[in-house]
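In: Give me coordinates for this.
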Amino acid sequence: GVGAGGRRGRRAAILAGCLPCCVDPSQRAAGFKEVFSIVVFGSIVNEGYLNNNSGGEKFCIYNRNPSACSYGVAVGVLAFLTCLLYLALDVYFPQISSVKDRKKAVLSDIGVSAFWAFLWFVGFCFLANQWQVSKPKDNPMNEGTDAARAAITFSFFSIFTWSLTAALAVRRFKDLTFQEEYSTLFPASAQP
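Out: Here you go, the predicted structure:
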C-alpha cells in the first residue's frame with residue numbers, strides 16, 4: 001500500500017498539475033493583482049459617486065474631484081486587463097523556444113510591472129490625499145466611506161504586488177540569462 005507520505009506526494013502532484021497558480025509565486029502574485037484591481041475599480045464604480053443634496057447630479061466621494069474617481073477606475077480596469085494579457089503570456093511562455101524571445105517577454109514583464117507599481121503608487125497617493133481633504137459636510141451620512149477606504153487600501157497593496165511581480169521577473173530574467181550562457185558554454189552533444 002501507499003503510505004501517508006505517498007498520498008501527500010500524489011495530492012501535491014495533482015494540485016501542481018491542475019492548479020499551477022497555486023504553486024508558482026508569479027502566478028499567485030498575478031491572482032492578487034487581479035483581485036486588488038477589481039476591488040479598487042469596483043468600489044469606486046459602485047459606491048464612489050454620491051448624489052448631490054440639491055439636485056440629481058452625482059459627485060465623486062473623493063473631495064468632489066471627478067479626476068480621483070476616474071483615475072481609480074481607469075487604473076483598476078487597465079491593470080486588470082494587463083493582468084489578463086500577462087496571464088496569457090505566462091500560459092504561452094513554455095512554448096516559446098527561442099531564449100532571446102523569452103528574454104524579451106520577461107523584459108517586457110519587468111518594465112510593465114514596474115510601470116504599474118508606479119501608477120498604483122500615484123493612485124494611492126492621489127486617492128488618499130483627496131480622501132483626507134474631503135469635507136464631512138459633503139457626505140453627512142458617511143455613505144460609501146468603507147468602499148472609498150477599500151479602494152485606497154487595495155491601491156496600497158497593489159504597489160507591493162506589482163513590485164513583487166517585477167522582482168520575480170528579474171529573477172526569471174537572470175535564470176534565462178544563465179540558461180543561455182550555459183547552453184553556449186556546454187552545447188548539447190549527440191550521444192551514441
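In: Can you give me the pLDDT of the closest residue to Glu57 other than its chain neighbours?
Out: Leaving aside its sequence neighbours, Glu57 sits nearest to Asn51 (C-beta to C-beta, 6 or more residues apart in numbering; 7.7 Å). No exception for glycine: its C-beta is placed from N, CA and C like everyone else's. Predicted confidence (pLDDT) for Asn51: 84.
In: In this structure Asn51 contacts Asp138, no?
Out: No. Assessed by C-beta atoms under 8 Å, Asn51 is found out of contact with Asp138, at 11.2 Å.
In: So in the chain, which helix runs the longest?
Out: helix 145-185 (DSSP state H).
In: about what we covered before: so in terms of bridging, what pairs with the residue nearest to Glu57?
Out: Here Asn51 sits in beta bridges with Lys58, going by DSSP bridges.
In: The strand or helix carrying Leu119 - contacts with which helices or strands?
Out: Using DSSP states H and E, Leu119 sits within helix 99-132. Where contact means 3 or more C-beta pairs under 8 Å, 6 or more residues apart in numbering; DSSP states H and E, helix 99-132 is packed against helix 66-92, helix 145-185.
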